[in-house]
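Colleague: sequence and predicted model, in that order:
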Amino acid sequence: MARGGEGVADAYEQHLADHERDRRRAQGSFYTPPALVDWILDRALPATPGATVLDPACGTGHFLVAAARRLGVRAVHGSDLDPEAVRIARERLQALDPGVAADEIERQVVLADGLTAWEGRTFDAVVGNPPFLGQLRRRSAGQNEEHRRALGAYTDTSAVFLHRALDLVAPGGVVALVQPLSVLAARDAGPVRRAVAERGTLTDFWCSDRPVFEGTPVLTCVPVVRVGAGPGPDPDAWGRLAAPTFGIPVAPLAAGAAGAGTVGDLADCTADFRDQFYGLAPFVRDRLPGGTPLVTTGLIDPAESRWGRTATRFARVRYDEPSVDLAALRADGALARWADARLVPKLLVAGQGRVIEAVADEHGAWLPSVPVVSVVPRDRADLWRLLAVLLAPPVVAHAATRYLGAGLTPGSVKVSARQVAALPLPADAGAWAEGADLARQAQHAGEDERPGLLVATGRVMTAAYGAGDDVLDWWAGRVRRRTDDSAAGAGSAPA
């Protein structure tokens, strides 16, 4: 094969890397490593004569050229919005097989939006690495309203391509598109996951625990979908596919646990938003005598509040002891009802952490800062039982798996108020009661005794859910790292 086309492609991508990084990020375009291209094609391309393949966002043609080497130039089709990339892709295919006329290749590789260019056509495989962009920037990606109408407002562009690709393959065909890891759990990718479950099944899956694309920290995955081969996987359980890559153990709950109810059956789970965040700011003081403690997510450890011992930040201001002037807040009136609703016995849950980090406010004396989740039991007697649930290793592993990709880092467990409410309760009432007592002891213990009591709580709650020691060991390692980090960071200011 002539190297001219390959050299031009390499030079163009180096040009992007060296001189147009901002444009490349704006377009969401990152070029795929050859080893990953081969992995995808090994699983997506059929061996039948006359098979066809489409890359709807082909760039300079990495997937097209690799597929053409296997199937022939006439088998491949592509589209892209970058005219220079399209020109290079055509030249590379021409160099691969000079016997194919240039005008024929121009009909196969077109300058167009891949979401609309192939209406009425189907292929045996749809592969590629579509741009990663949120819907707020969708116009620059050329997305068409028809292909976004049923999706979430912030569905990533790459997931929109995955959704569209389901219509571009014939029955039995394969879709294998690179996706950001967030597709596993993001709320606005839910319609895409549901469409996959309805239309096909996942036959293979790839992901990495570190970035593989130069110039972006985004973690990625590749779900390989065979259309028409259903039923597909639970659209809310895609995280299970990636859990082994991140060392998260499988935590099957005890057989009866599924019918034991959820946290939301015992408590109201609420997260506050912009109005509370900005509304509180004028009333926050440092070391205010008689003030009401404001607890930020960085001050919450498992069964422990570090308020007054660890500095924190609120509204870009550093505080040693952030306190709310409750009298002034009530006099102002805007947040008075909100504050009264929060100043009750409750659990405060950090936005994300190595485990689910929750602490009991047994006297209703603290106010939560955004994005802390408040869990208010309907019966005060359930306060410590609910803390034991949130500390339970199987529950943490369940959340880490189900919502994998939602956090800022792959190792973090991020749960929203709705997701906290959906966490399962244990079926073993006796073990649960013992775990609740241990959780209470852990929170009341000193720093030397608390780690042992936390592990004891975890051990009992692991048994309450019928899980194994591997889940307990995984959780205990994360708790130790969290408490070690907290001790080492005393006096710092977590965001």
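Modeller: Cool, got the structure.
Colleague: pull the number of nearby residues for Trp307.
Modeller: 20 (other C-beta atoms under 10 Å). Where you see a C-beta, it was placed from the backbone N, CA and C, and this is true even at glycine.
Colleague: you'd agree it is in a helix?
Modeller: No: going by DSSP: H, G, I helix; E, B strand; the rest coil, the assignment for Trp307 is coil, not a helix.
Colleague: and the pLDDT at it?
Modeller: Reading off the confidence values, Trp307 has pLDDT 98.
Colleague: kindly report the same for His163.
Modeller: 96.
Colleague: how far away is the residue of the chain most remote from its centre from His363?
Modeller: The centre of the chain is farthest from one residue, Gly99, which by C-alpha atoms, centre = their mean lies 46.5 Å away. Separation of Gly99 from His363 (C-beta to C-beta, to the nearest Å): 82 Å.
Colleague: cool, Pro322 as well?
Modeller: Distance of Pro322 to His363, given as C-beta to C-beta: 18 Å.
Colleague: cool, and Tyr278?
Modeller: With distances taken as C-beta to C-beta, Tyr278 is found 27 Å from His363.
Colleague: higher neighbour count, Pro322 and His363?
Modeller: Taking neighbours as other C-beta under 10 Å, Pro322 and His363 compare with Pro322 leading, 29 against 9.
Colleague: could you find the closest non-adjacent residue to that one?
Modeller: In space, and not counting its chain neighbours, Pro322 is closest to Leu294: 4.2 Å by C-beta to C-beta, 6 or more residues apart in numbering.
Colleague: immediately after the helix or strand bottoming out on mean pLDDT in the chain, which helix or strand?
Modeller: In the chain, the helix or strand scored least confidently by mean pLDDT, DSSP states H and E is helix 21-27, which has a mean of 45. Later in the chain than helix 21-27, the nearest helix or strand by DSSP states H and E is helix 34-44.
Colleague: just the C-alphas of that following helix, formatted as PDB.
Modeller: Provided in PDB are the C-alpha atoms of helix 34-44 (Å, rounded to 0.1, in the frame of the first residue of the first chain):
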ATOM      1  CA  PRO A  34      -4.900   1.600  16.300                       C
ATOM      2  CA  ALA A  35      -5.100  -1.200  18.900                       C
ATOM      3  CA  LEU A  36      -8.600  -0.100  19.900                       C
ATOM      4  CA  VAL A  37      -9.700   0.200  16.200                       C
ATOM      5  CA  ASP A  38      -8.600  -3.400  15.700                       C
ATOM      6  CA  TRP A  39     -10.400  -4.600  18.900                       C
ATOM      7  CA  ILE A  40     -13.700  -3.000  17.600                       C
ATOM      8  CA  LEU A  41     -13.400  -4.300  14.100                       C
ATOM      9  CA  ASP A  42     -12.600  -7.800  15.300                       C
ATOM     10  CA  ARG A  43     -16.000  -7.900  17.100                       C
ATOM     11  CA  ALA A  44     -18.100  -5.800  14.700                       C
END
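Colleague: picking up where we left off before, name the helix or strand for the residue farthest from the centre of the chain, please.
Modeller: Using DSSP H and E, Gly99 falls within no helix or strand.
Colleague: same question for the one 4 residues further on.
Modeller: Under DSSP H and E, the secondary-structure element containing Asp103 is helix 102-108.
Colleague: show me which positions of that helix end up buried.
Modeller: By neighbour count on 16 or more other C-beta atoms under 10 Å, the buried set for helix 102-108 is 105, 108.
Colleague: my read is that Gly353 contacts Val413, right?
Modeller: Yes: using C-beta atoms under 8 Å as the test, Gly353 is close enough to Val413 to be in contact (6.2 Å).
Colleague: Ala170: neighbour count?
Modeller: Ala170: 13 neighbours (other C-beta under 10 Å).
Colleague: and it, how close does it get to Pro56?
Modeller: Ala170 is 15 Å from Pro56, where distance means C-beta to C-beta.
Colleague: go on, Pro451?
Modeller: According to C-beta to C-beta, Pro451 stands 52 Å off from Pro56.
Colleague: who has more neighbours, the two?
Modeller: Ranked by neighbour count (other C-beta under 10 Å), Pro451 and Pro56 place Pro56 first, with 25 against 17.
Colleague: excluding chain neighbours, what is closest to the more buried one?
Modeller: Using C-beta to C-beta, 6+ apart and skipping the chain neighbours, the partner closest in space to Pro56 is Gly114 (2.9 Å).
Colleague: let me know the pLDDT of the one you found.
Modeller: 96.
Colleague: repeat that for Gly28.
Modeller: With respect to pLDDT, Gly28 has a value of 44.
Colleague: likewise for Ala153?
Modeller: The confidence metric pLDDT takes the value 71 at Ala153.
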